[in-house]
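J.: no sequence on hand, only this structure:
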Ligand SMILES: Nc1nc2c(ncn2[C@@H]2O[C@H](COP(=O)(O)OP(=O)(O)OP(=O)(O)O)[C@@H](O)[C@H]2O)c(=O)[nH]1
């Protein structure tokens, strides 16, 4: 049964369980106090700092109050003219909440406030305790059902929006990073020069160009911040920009051409520009490294994509009833290999290990570079027995392989693996933790072996 059918059947159940006389009285009660409920709701929500951000706009204020009162009257109307229209309306409300990105917990908080207030109204209107308890149940359950429909619609929409956000981010990232890096670097330097030129020409008393409105500043705020979302460098760049615009430029603005303060201020300006230059280079370099989600050394999938892939595989495994498996692989004594043959040799071994893994698994499987010398293989639609077979195949092929390390030399390495088959737990971290402890068990029981979680 799809959600709306289920909900309509629940609504019908609730209505038929609740005596008509009570539904009539509730409808009257809510009708009478809808305005005051909306007022209480609004006052309580405005005390919440976050809710305030969503509601404290005059248009919202003017509209929300009457529309909340209308919504309450419709929800508790007697008789309900059309349940599917009522459900469709709740869905629409959920979609609006998703569009404005109103957090779900605030909606739940709002519903709680309304229920509490409505219950105290009922206390007055239903002196009979038995009737009061039926009325409370009716009010509470009906609001819970409305909330359930809203949440489902909310989730669907929020997911769609976040997919679009991600697609946009990927598109932005997909642009020519190397060219963009040079362009923004030169925009930044150009801004610095324009400040110097204004001072040199002594025309700076009028206005020095603020970095935030420069070509570089506009790019950073409108494009850079979505391309490099959540990078720590962004915060550093913004802080430097603020110091430039709020402290250094205003001071430069008021000094005279020959003022001896000028060199100190220009030095401070140069330092901030250097900070931005450095952070910008590091942010771009990291992004270039990620290059379409592949690790630059091994060309394997980057670990960054692991949560997305695992969440998707868990959904697929549940839907198709076919488990998948993780094999966490760690090269044994890799530090010794590095120390003996050099870091470059180590890099070459990592590359050859990655190629061997890719050539051993099916094309529907995934291979990630999990850490320095750790790789993670995700085997789709597989049983425990078959996964163990694949892991053993990988182990023996690595053991037998002669890895080239330059200068015509070859070395042998072994790996320790931890195998964990999806056990139905919805949190992917749980599966990774199981593979991880199995791998440690393989290490502690002698290496060059596979342990199952
Ligand atoms: N060449 C190279 N070495 C790396 C890379 N990433 C990590 N390493 C090295 O891998 C080594 C891992 O060492 P440890 O974690 O101590 O483990 P181990 O020597 O492999 O020993 P066991 O795992 O206990 O068998 C460290 O020396 C890292 O420097 C890389 O990209 N290239």
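T.: Right, received. Where do you want to start? Small disclaimer: the values here were computed from a predicted structure and weren't measured.

J.: hey, let's count contacts and neighbours off CA atoms from now on
T.: Fine.

J.: how about the helices in the stretch 201-350 of the chain?
T.: With DSSP state H, counting those that start in this stretch applied, the stretch 201-350 of the chain shows helices at 215-219, 225-227, 232-243, 249-254, 261-290, 306-320, 334-341, 343-360, listed in chain order.

J.: the strand or helix carrying residue 144: what's the following helix or strand?
T.: According to DSSP states H and E, residue 144 maps onto helix 129-174. Using DSSP H and E, the next helix or strand after helix 129-174 towards the C-terminus is helix 177-200.

J.: mind checking how far that following helix is from the chain centre?
T.: Relative to the centre of its chain, helix 177-200 is centred 33 Å away, using C-alpha atoms, centre = their mean, to the nearest Å.

J.: residues in contact with that helix?
T.: 204, 208-209, 211, 214-216, 257, 273, 277, 280-281, 284, 287-288 (C-alpha atoms under 8 Å, 6 or more residues apart in numbering).

J.: and what of stretch 18-34?
T.: Applying C-alpha under 8 Å, 6+ apart, the set of residues contacting stretch 18-34 is 69-70, 72-73, 76-79, 118, 121-122, 125, 131, 134-135, 138.

J.: just to revisit the earlier point, among the helices of the stretch 201-350 of the chain, which is nearest residue 421?
T.: For those, proximity to residue 421 was assessed by C-alpha to C-alpha; helix 306-320 is nearest, at 11.0 Å.

J.: so which elements touch the closest one?
T.: Helix 306-320 makes packing contacts with helix 428-444 when contacts are defined by 3 or more C-alpha pairs under 8 Å, 6 or more residues apart in numbering; DSSP states H and E.

J.: if we can go back for a sec, which of the contacts of helix 177-200 are buried?
T.: 204, 208-209, 211, 216, 257, 273, 277, 280-281, 284, 287-288 (16 or more other C-alpha atoms under 10 Å).

J.: quick check, nearest of the residues you listed to residue 39?
T.: Closest to residue 39, out of all of the buried ones among the contacts of helix 177-200 and judged by C-alpha to C-alpha, is residue 211, at 45.1 Å.

J.: nearest spatial neighbour of that closest one, skipping sequence neighbours?
T.: Spatial nearest neighbour of residue 211, excluding adjacent residues (C-alpha to C-alpha, 6 or more residues apart in numbering): residue 217 at 5.6 Å.

J.: which stretch in the helices of the stretch 201-350 of the chain has the least confidence?
T.: Of all the helices of the stretch 201-350 of the chain, helix 225-227 carries the lowest average pLDDT, namely a mean of 79.

J.: tell me which residues of it come out buried.
T.: Neighbour-count burial for helix 225-227, counted by 16+ other C-alpha under 10 Å, picks out 226, 227.

J.: packing partners for it?
T.: helix 129-174.

J.: what angle do the helix it packs on and helix 261-290 make?
T.: Between helix 129-174 and helix 261-290, the angle comes out at 100 degrees (axes from the mean of the first three to the mean of the last three C-alpha atoms, to 10 degrees).

J.: pipe the helices of the stretch 201-350 of the chain into JSON lines and attach distance to the ligand per row.
T.: Conversion of those to JSON lines gives the following (distance: least, C-alpha to the nearest ligand atom, whole Å):
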{"stretch": "helix 215-219", "distance to the ligand": "34"}
{"stretch": "helix 225-227", "distance to the ligand": "26"}
{"stretch": "helix 232-243", "distance to the ligand": "23"}
{"stretch": "helix 249-254", "distance to the ligand": "44"}
{"stretch": "helix 261-290", "distance to the ligand": "13"}
{"stretch": "helix 306-320", "distance to the ligand": "18"}
{"stretch": "helix 334-341", "distance to the ligand": "4"}
{"stretch": "helix 343-360", "distance to the ligand": "4"}
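
J.: out of those, nearest to residue 83?
T.: Between those, helix 306-320 lies closest to residue 83; by C-alpha to C-alpha that is 30.8 Å.

J.: pull the distance from the closest one to the chain's centre.
T.: 17 Å.

J.: just give me the neighbour total for the closest residue to the ligand within the stretch 351-453 of the chain.
T.: Proximity of the stretch 351-453 of the chain to the ligand (C-alpha to the nearest ligand atom) peaks at residue 372, 3.2 Å away. Here the number of neighbours of residue 372 (other C-alpha atoms under 10 Å) works out to 11.

J.: how is it assigned, secondary-structure-wise?
T.: When classified by DSSP: H, G, I helix; E, B strand; the rest coil, residue 372 comes out as coil.

J.: now the buried ones among the contacts of helix 177-200 in TSV, with distance to residue 410?
T.: Listed next are the buried ones among the contacts of helix 177-200 as TSV, based on distance: C-alpha to C-alpha, whole Å:
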residue	distance to residue 410
204	66
208	63
209	60
211	55
216	50
257	68
273	48
277	43
280	40
281	37
284	36
287	34
288	32
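
J.: what is the nearest of those residues to residue 156?
T.: residue 287 (30.3 Å).

J.: returning to that earlier point: Provide the backbone phi and psi angles at the residue of the stretch 351-453 of the chain closest to the ligand.
T.: phi -50, psi -70 (degrees, to the nearest 10).

J.: and the two most separated of the contacts of helix 177-200?
T.: 257 and 288 (43.1 Å).

J.: please parse the protein into its domains.
T.: 3-162, 177-292, 301-452 (automatic domain parsing).

J.: which of those domains sits most buried?
T.: domain 301-452 (a mean of 18; mean count of other C-alpha atoms under 10 Å).

J.: that's a helix at residue 416, yeah?
T.: No. Under three-state DSSP, residue 416 falls outside any helix and is assigned strand.

J.: what pLDDT is listed against the residue of the stretch 351-453 of the chain closest to the ligand?
T.: 89.

J.: same check on the one 4 residues further on?
T.: In the predicted model, residue 376 carries a pLDDT score of 98.

J.: can you name the residues bridging to it?
T.: Beta-bridge partners for residue 376, by DSSP bridges, are residue 328, residue 368.

J.: do the same with residue 420
T.: Applying DSSP bridges, one finds that residue 420 bridges with residue 326.

J.: check contacts around the residue positioned nearest the centre of the chain.
T.: The centre of the chain sits closest to residue 162, judged by C-alpha atoms, centre = their mean, with a distance of 8.2 Å. By C-alpha under 8 Å, 6+ apart, the contact list for residue 162 is empty.

J.: same thing with residue 402?
T.: 410, 411, 412.

J.: between those, which is nearest residue 328?
T.: residue 412 (19.7 Å).

J.: can you lay out the contacts of residue 402 as CSV showing secondary structure?
T.: Below are these laid out as CSV (three-state DSSP):
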residue, secondary structure
410, strand
411, strand
412, coil
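
J.: so which of these is the closest to residue 307?
T.: residue 412 (32.6 Å).

J.: the closest one contacts residue 404, doesn't it?
T.: No. If you go by C-alpha atoms under 8 Å, residue 412 and residue 404 don't touch, sitting 9.1 Å apart.
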